[in-house]
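Novice: Fold the following, please.
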Amino acid sequence: MRDVVSFYTVADKRFFPAAVGLVNSLRAVGHDEPIFLLDCGLTPEQRETLGAECHLVMPPVADPINPQLLKPFANALDPSGTVVILDSDLLVVRRLDETLLEARNGQICINADPESTRWFSEWEDLFALAGPPRKQPYMSSGFVAFSVDRWPTLLARWWELCQGIRSLPTAFYGQPDTPTAQADQDALNAILMTAVPQANLFVLPEEALPTMEQFRRRVRLVEARTLRCSIDGKPVTFLHPSVKVKPFESDRWLDQGQSPYPRLLRRLIVGSDVRLRPSPGDLPRWLRPGRQGALRAFLLYLVNAGIDPVRVALYRLGVGARLRRARAAIRQR
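Specialist: Reported below is the predicted structural model:
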């Protein structure tokens with residue numbers, strides 16, 4: 001009997017273009033399983049668009065201030081089989097069959113976070129843990145897949161811990177250095193470091209989710225039609241622009257380097273084979289269909305590719321750091 005698989009993500013009107021890209025990427029690589037999307041502030045037209053492929057869910061709390069803390073909302077839906085929880089600005093560029101098999105067999109499938117040593121003794125009291133969290137590599141919550149049959153309390157516990165820190169500082173509110181700054185991710189790691197044996201973590205290979213530095217300069221688009229990407233000849237599974245200002249928020253994606261994310265996002269929105277076709281009014285101009293949109297996207301890519309070596313050179317010379325110090329000194333006068 002084939003295991004039941006379902007996907008879960010959270011989006012608001014800001015992340016609408018990315019959510020369209022995520023859904024279309026899942027369908028493009030061949031995943032036709034149900035997708036559940038938590039609506040944290042979509043417009044009626046955006047709901048109509050996403051509703052064609054997703055089961056839209058209203059927030060299970062009255063004031064969904066920080067959507068990050070609602071990531072384990074699948075808990076309210078009583079799912080069965082394997083749940084796959086995804087950030088809405090991920091693009092899935094490779095089928096997940098091998099990883100989903102690991103999840104079905106009892107592993108919690110996840111990616112390592114670049115901040116690998118993040119750990120706080122305060123988590124024991126903050127999250128009312130059974131004991132001190134052990135030190136182990138810190139994980140990303142951008143992609144998490146596991147069997148709820150094998151881990152029947154994980155979703156409920158993750159949800160409980162997330163709701164317990166709703167009033168505490170997070171990076172979402174500009175507090176990057178606190179024990180709860182990473183919101184749902186800190187809550188999940190507190191669980192993984194206490195209630196889950198490390199042997200039950202199936203950590204995807206490093207190339208599956210490249211770091212932002214790799215993402216900007218080393219990830220290559222192999223074939224736009226199939227979404228295939230590689231890094232150093234190895235297949236990439238996810239593309240994720242892990243920056244505060246996302247490339248789909250404006251006509252510029254100058255912080256992306258030569259990453260394939262903007263090009264693939266456009267392909268996943270205007271391509272002839274995509275499932276969801278959003279209204280042009282809900283998209284930045286470079287993501288809109290037609291010649292003008294294509295020209296804008298091409299010019300933006302050229303500008304981005306051209307300034308990237310300049311940015312690297314300035315960074316190596318320390319120019320950026322000196323300018324930041326100078327600005328800080330001027331403010332203090």
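
Novice: From R288, how far off is the residue nearest the centre of the chain?
Specialist: Nearest to the centroid of the C-alpha atoms of the chain, with distances taken as C-alpha atoms, centre = their mean, sits D87, at 3.2 Å. With distances defined as C-beta to C-beta, to the nearest Å, the gap from D87 to R288 amounts to 24 Å. C-beta here means a position set from N, CA and C on the backbone, and glycine is covered the same way.

Novice: quick one, strands of the stretch 201-333 of the chain?
Specialist: Shown for the stretch 201-333 of the chain, the strands assigned by DSSP state E, counting those that start in this stretch span residues 201-203, 219-223, 228-231, 234-235, 238-239.

Novice: Can you tell me which of these is nearest to L155?
Specialist: Closest approach to L155 among the strands of the stretch 201-333 of the chain is made by strand 201-203 (16.5 Å; C-beta to C-beta).

Novice: Could you list the low-pLDDT ranges of the stretch 201-333 of the chain?
Specialist: Across the stretch 201-333 of the chain, the stretches falling below the confidence threshold (pLDDT under 70) are 250-257, 305-333.

Novice: go again using 50 as the cut-off
Specialist: Residues of the stretch 201-333 of the chain that meet the criterion pLDDT under 50 lie in 314-315, 319-320, 323, 327, 331.

Novice: Assess the claim that K71 and V10 are in contact.
Specialist: Yes - using C-beta atoms under 8 Å, K71 and V10 qualify as a contacting pair, with a distance of 6.0 Å.

Novice: circling back: and the pLDDT at the residue nearest to the centre of the chain?
Specialist: The score at D87 is 97. That number is its pLDDT.

Novice: Spatially, what comes nearest to it if we skip its sequence neighbours?
Specialist: Nearest-residue entry for D87: G142, 4.2 Å, with adjacent residues in sequence omitted and distances by C-beta to C-beta, 6 or more residues apart in numbering.

Novice: E124 now?
Specialist: Distance criterion C-beta to C-beta, 6+ apart; nearest residue to E124, sequence neighbours excluded, is P132 at 5.0 Å.

Novice: re earlier: who's in contact with the residue nearest to the centre of the chain?
Specialist: Neighbour list for D87: T9, S141, G142, F143, H240 [criterion: C-beta atoms under 8 Å, 6 or more residues apart in numbering].

Novice: Which stretches in the stretch 101-250 of the chain count as helices?
Specialist: Listed in chain order, the helices found in the stretch 101-250 of the chain under DSSP state H, counting those that start in this stretch are 123-126, 154-164, 184-192, 212-217.

Novice: Please state the offset of the second one from the chain centre?
Specialist: Spelled out, that is helix 154-164. Helix 154-164 sits 19 Å away from the centroid of its parent chain (C-alpha atoms, centre = their mean, to the nearest Å).

Novice: now do the first one
Specialist: Relative to the chain's own centre, helix 123-126 is displaced by 26 Å; criterion: C-alpha atoms, centre = their mean.

Novice: so for that helix, what's the average pLDDT?
Specialist: Along helix 123-126, the predicted confidence averages to a pLDDT of 96.

Novice: can you check stretch 57-69 too?
Specialist: The average pLDDT within stretch 57-69 is 81.

Novice: try stretch 101-112
Specialist: When pLDDT is averaged along stretch 101-112, the result is 97.

Novice: same thing with stretch 6-13?
Specialist: The pLDDT scores in stretch 6-13 average 97.

Novice: So what touches it?
Specialist: The list of residues contacting stretch 6-13 from outside it, by C-beta under 8 Å, 6+ apart, reads 18-19, 22, 26, 31, 33-43, 46, 50, 67-68, 70-71, 73-74, 79, 81-88.

Novice: Sitting in strands, which of those residues do you find?
Specialist: The members of those that map onto strands under DSSP state E are I35, F36, L37, L38, D39, T82, V83, V84, I85, L86.

Novice: what sits against the fifth one?
Specialist: D39 makes contact with A11, D12, R47, L56, V57, M58, P59 under the criterion C-beta under 8 Å, 6+ apart.

Novice: Highest neighbour count among those residues?
Specialist: For these, the largest neighbour count, defined by other C-beta atoms under 10 Å, is 27 neighbours, found at A11.

Novice: Could you check how far that residue is from L38?
Specialist: Per C-beta to C-beta, A11 is found 7 Å from L38.

Novice: Ok, S272 next?
Specialist: As judged by C-beta to C-beta, S272 and L38 stand 30 Å apart.

Novice: Between the two, which is the more surrounded one?
Specialist: L38 (25 against 5).

Novice: Would you agree the more buried one is in contact with F73?
Specialist: Yes - counting by C-beta under 8 Å, a contact exists between L38 and F73, whose distance comes to 4.9 Å.

Novice: what do the two both touch?
Specialist: Y8, V10, V57, P59.

Novice: you'd agree the residue nearest to D87 is up against L90?
Specialist: Yes - with contacts defined as C-beta under 8 Å, G142 counts as touching L90 at a distance of 6.1 Å.

Novice: shared neighbours of these two, which are they?
Specialist: Common neighbours of G142 and L90 (C-beta under 8 Å, 6+ apart) are F238, H240.
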